[in-house]
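S.K.: A predicted structure for the sequence below; I have some questions about it.
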Amino acid sequence: MTTATQTLPTAPGTTAKKPAGGGRLRALRRNRLALTGGIIAAVFVLAALFAPLIAPYDPAQPDFGNVLAEPSWAHWLGTDDLGRDQLSRIVYGARASMQVGLVAVVLAFVIGVPLGLLAGYYGRLTDSAVSRLTDTMLAFPFLVLAVGLAAILGPSLTNATIAIGISQIPAVIRITRAETLRLKHVDYVGAAIVNGGGDGTVLFRHILPNATSALIVQATVGIPAAIIGEALLSFLGLGVQPPAPSLGVMLSGAQSFLAPAPWLAVFPGLAIVAATLAFNLLGDGLRDVLDPRGGTR
Amino acid sequence: MTKYLLTRLRQSLITLFLVSIVVFAGIRALPGDPALALAGEERSPEALAAIREAYGLNDNIVVQYGRFIGHALTGDLGTSSRTGLPVADAIGQALPVTLELAALSLLLAVVLGIGAGVVAAVRRGRPEEWIANVIALIGLSIPTFWLGIVLVLGFAIAIPVFAASGYVPFGTDPVDNLRRMVLPAIVLGSGLAAVVMRQTRAAMLDSLSADYVRTARAKGLSKRSVIGGHALRNSLVTVVTVLGLQLGHLISGAVVTEQIFVLPGFGKLTIDAVFTRDYATLQAVVLCTSAAYILINLLVDVVYSVIDPRIRLGGAR
């Protein structure tokens, strides 16, 4: 089913030098990547859930006799300037990342989906109002928004999560709106309206369930974006406040010890890259399976 | 065409108006007395009363908003509570740094992104495409700030070719200026290059299988002319749009990059304003950034409609 839809776009082309088998091979490779991404993402989720069981040390426990230690059997990823175990801090940092990733995306969906549904379904004035709102939100680059919130509410993990969630609302609105516009003109929705289905029934029983694929794909884009967002804000001092462990806080601290202890900068960064790469791969794979119209973009 | 531009202009002005209200309301949403925030360290009752008088905080809120906009339009962005100097001056000093950084990054992103995108599309299914795709995916997944740290580690500490921090104006010493700007430009431009590459590749693949490209091939045009003159030219619409959409990331990225490389630009001004609770500066910086963002987006739409006539026709309905 999926391979059939995937080979379709190239069929009318003249440059399709390879037979359809090439497309299938590519799909296979892509799915294997998606599988790898899914496994790494699952590892992160598990690490976040069971951080206290996995972390070999207390992430906040200083050991002043063992500062800036190189990676060793006792401390796999070395220790920082206060002698705290890097691996344990990364595990707990992943917990903060995942927490922000999930909560921010849920926040964006809870606000964005209803607005997108309303704008797409009712059109006219509602659509204009929602579109202007979206434009206004988009007029604030993410970091400017986060900076403003941090200035007003004070820097913290919660406020960083709120800022990240708000920054993702416009994308959710636009995607939901586009899906609603498309589905509004589909025959079975028309039939539901003719059957006397109320607006609520049509929106939540017929349109929303059919927009799920696009929304799931958006979520897999939103989670890695939120993970990077959290690390970024914490790095700038606008998110998680030290001494609480966060990958961004760790990187920020590592800047002062780049020459004597480069591993402090390398491992937290690798963790962020692994997490975002994993979710991006998973998202690409899901998009291929769930949303064939999305193509290979 | 004119009608389309007027519609877009009207939308932009409405957005700008809403943004100014949000920015204006933002500083009044601060917990406590805005005079207290504007006062900074000076908190005696007399000073607060003077500030209330000076900023007209006793006036009607609509009057206050009108004055805020009136001042902003005439270039009076208030006085920094940290330095006591006009905010407009601070912005004037920071702007060239950020503009140079942005220009260098854009150049890098466009040259690398379009080049790699074209190669990936033309050499489809070959190792070149795979390599370009993998590099792009990595470029998208590496956060700016980590890339910055890694590059400093590699090219300023391990092999000290470039400088890791500080800024020297281009006019003072072009070589030293570039030595300090290369790493920041790579940091800021790499993510953008990855996005441009992916979009160029996708657009080129679409174009290459289109009828007009087949026609161009059939009439015996050289491969170079088909790819450069026909396929790439039509793919540029997408690239321009993507660049417009990525502006927000560029602005956010500039803030981080300036912070890592200690460049005295717009981003550093913003972050410093947050940590020193310099609300006048913060308000002005946020307003300017958003206004610039809206204007550039408008500009992108105009360029877009010039390249692709279908847009303005669609918009004029």
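M.R.: In hand now; what should we look at?

S.K.: for chain B, what are the nearby residues on the stretch 101-250 of chain A?
M.R.: When proximity is defined by CB under 8 Å from any CB of the partner chain, the stretch 101-250 of chain A lies next to chain B at A:132, A:135-136, A:138-144, A:147-148, A:150-152, A:224, A:228, A:231-232, A:235-238, A:248. All C-beta atoms are positioned from the backbone trio N, CA, C, and that covers glycine.

S.K.: make it 7 Å
M.R.: A:132, A:135-136, A:139-144, A:147-148, A:150-152, A:228, A:231-232, A:235-236 (CB under 7 Å from any CB of the partner chain).

S.K.: Filter those down to the buried ones and hand me the PyMOL line.
M.R.: Those of these that count as buried under 16 or more other CB atoms under 10 Å in any protein chain shown are selected in PyMOL with:
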select buried, chain A and resi 135+136+139+140+141+142+143+144+147+148+150+151+152+228+231+232+235+236
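
S.K.: can you tell me which of the residues of the stretch 101-250 of chain A next to chain B are in helices?
M.R.: Using DSSP state H, the members of these that fall within helices are A:132, A:135-136, A:142-144, A:147-148, A:150-152, A:228, A:231-232, A:235.

S.K.: So in the chain, where's the weakest helix or strand by average pLDDT?
M.R.: By default, I'm working from chain A. Scoring the helices and strands of chain A by mean pLDDT, DSSP states H and E places helix A:2-7 at the bottom, with a mean of 36.

S.K.: can you count the residues close to residue B:238?
M.R.: 21 (other CB atoms under 10 Å in any protein chain shown).

S.K.: same thing with residue B:16?
M.R.: Count around residue B:16 with other CB under 10 Å applied: 20.

S.K.: Which residue, neighbours along the chain excluded, lies closest to it?
M.R.: Closest residue in space to residue B:16, ignoring its immediate chain neighbours: residue B:294 at 5.4 Å, by CB to CB, 6 or more residues apart in numbering or on different chains.

S.K.: Only the buried residues of the helix or strand hosting that neighbour, if you could.
M.R.: Using DSSP states H and E, the element containing residue B:294 is helix B:279-307. Buried residues in helix B:279-307, counted by 16+ other CB under 10 Å: B:279-294, B:297-298, B:300-305.

S.K.: Stretch A:58-66 now?
M.R.: A:59, A:66.

S.K.: How far off centre is it?
M.R.: 32 Å (CA atoms, centre = their mean, to the nearest Å).

S.K.: Alpha carbons of that stretch, as CSV, please.
M.R.: Taking Å, rounded to 0.1, in the frame of the first residue of the first chain, the C-alpha atoms of stretch A:58-66 are listed here in CSV:
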residue,chain,number,x,y,z
ASP,A,58,23.5,11.2,42.5
PRO,A,59,23.6,13.9,39.7
ALA,A,60,23.9,16.7,42.3
GLN,A,61,26.5,15.0,44.5
PRO,A,62,29.8,16.9,44.3
ASP,A,63,33.1,15.1,44.8
PHE,A,64,35.8,17.7,45.3
GLY,A,65,38.6,15.1,45.4
ASN,A,66,37.7,14.1,41.8
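
S.K.: Low-confidence ranges, chain A, go.
M.R.: Low-confidence segments of chain A, defined by pLDDT under 70: A:1-30, A:139, A:290-297.

S.K.: which ones are touching the residue nearest the centre of it?
M.R.: Closest residue to the average C-alpha location of chain A: residue A:223 at 1.4 Å, with CA atoms, centre = their mean. Residue A:223 makes contact with A:101, A:105, A:279 under the criterion CB atoms under 7 Å, 6 or more residues apart in numbering or on different chains.

S.K.: Find the nearest non-adjacent residue to it, please.
M.R.: Residue A:223 sits nearest to residue A:101 (CB to CB, 6+ apart), 4.3 Å away.

S.K.: Can you list the residue ranges for helices in the stretch 151-300 of chain B?
M.R.: B:174-208, B:211-218, B:223-225, B:233-245, B:247-260, B:266-275, B:279-307 (DSSP state H, counting those that start in this stretch).

S.K.: What count of nearby residues applies to the residue in the stretch 201-317 of chain B positioned nearest to chain A?
M.R.: Ranked by CB to the nearest CB, the top residue of the stretch 201-317 of chain B for proximity to chain A is residue B:209, at 2.9 Å. Residue B:209 has 18 neighbouring residues, counting by other CB under 10 Å.

S.K.: How about residue B:224?
M.R.: Residues contacting residue B:224 under the criterion other CB under 10 Å number 8.

S.K.: Equivalent analysis for residue B:130, please.
M.R.: Counted with other CB under 10 Å, residue B:130 comes out at 13.
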